[in-house]
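# Here is my input; please provide its structure:
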Amino acid sequence: QVQLVESGGGLVQTGGSLRLSCAASGRSFVPYGMGWFRQAPGKEREFVSAIDWSGSRTHYLDSVKGRFTISRDSAKNTVFLQMNNLKPEDTAVYYCAARINVGSAWSAIREYAYWGQGTQVTVSS
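Down below sits the predicted model:
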């Protein structure tokens, strides 16, 4: 059984920073990649960022490029999302997700087999 546990959410002011973490546990679990999605109230869940487990490729939603950085510690099966210069429109529940299938559709929800419970990020104006 694979479990993903997020941490690091909270309340910050506009321009502030937060670092989200997601630890994956499960016997012999090695993902093909991991990603972050977010869902704001009344909106659909959207892709934010993803990284392949070799660490050679990263992917970002256009609106977070230059502000968010995804990284991973493969030895600890942990993925991070450093979020800088946060804006009120970044307010959402952030979900960590892991994929085991090979492919290039990094922003597609259907590609991710495992999901965390979510962590709230609130940016005040």
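# Could you look up the SS state of residue 102?
Per DSSP: H, G, I helix; E, B strand; the rest coil, the local secondary structure of residue 102 is coil.
# Based on its surroundings, how many neighbours for the nearest residue to it once chain neighbours are set aside?
Of all residues not flanking residue 102 in the chain, residue 32 sits nearest, at 5.7 Å (CB to CB, 6 or more residues apart in numbering). C-beta: built from backbone N, CA, C; applies to glycine. Around residue 32 there are 16 other residues, counting by other CB atoms under 10 Å.
# does the spatially most central residue of the chain count as helix, strand or coil?
With distances taken as CA atoms, centre = their mean, the residue of the chain nearest its centroid is residue 36 (2.0 Å). At residue 36, secondary structure determined by three-state DSSP is strand.
# confidence score at the spatially closest residue to it that is not a sequence neighbour?
Of all residues not flanking residue 36 in the chain, residue 48 sits nearest, at 4.4 Å (CB to CB, 6+ apart). pLDDT for residue 48: 98.
# List the residues that contact residue 48.
Counting by CB atoms under 8 Å, 6 or more residues apart in numbering, residue 48 makes contact with 35, 36, 37, 38, 60, 61, 64, 68, 81, 94.
# which one is the first one nearest to, not counting chain neighbours?
The one in question is residue 35. Residue 35 sits nearest to residue 50 (CB to CB, 6+ apart), 3.4 Å away.
# and if you look at the last one?
Sequence neighbours aside, residue 38 is the residue nearest to residue 94 in space, at 4.8 Å (criterion: CB to CB, 6+ apart).
# how many neighbours does the one you found have?
Neighbourhood size, residue 38 [other CB under 10 Å]: 22.
# One more: residue 51?
Using other CB under 10 Å, the number of residues around residue 51 comes to 24.
# For residue 4, see how far away the residue nearest to residue 94 is.
Per CB to CB, to the nearest Å, residue 38 is found 15 Å from residue 4.
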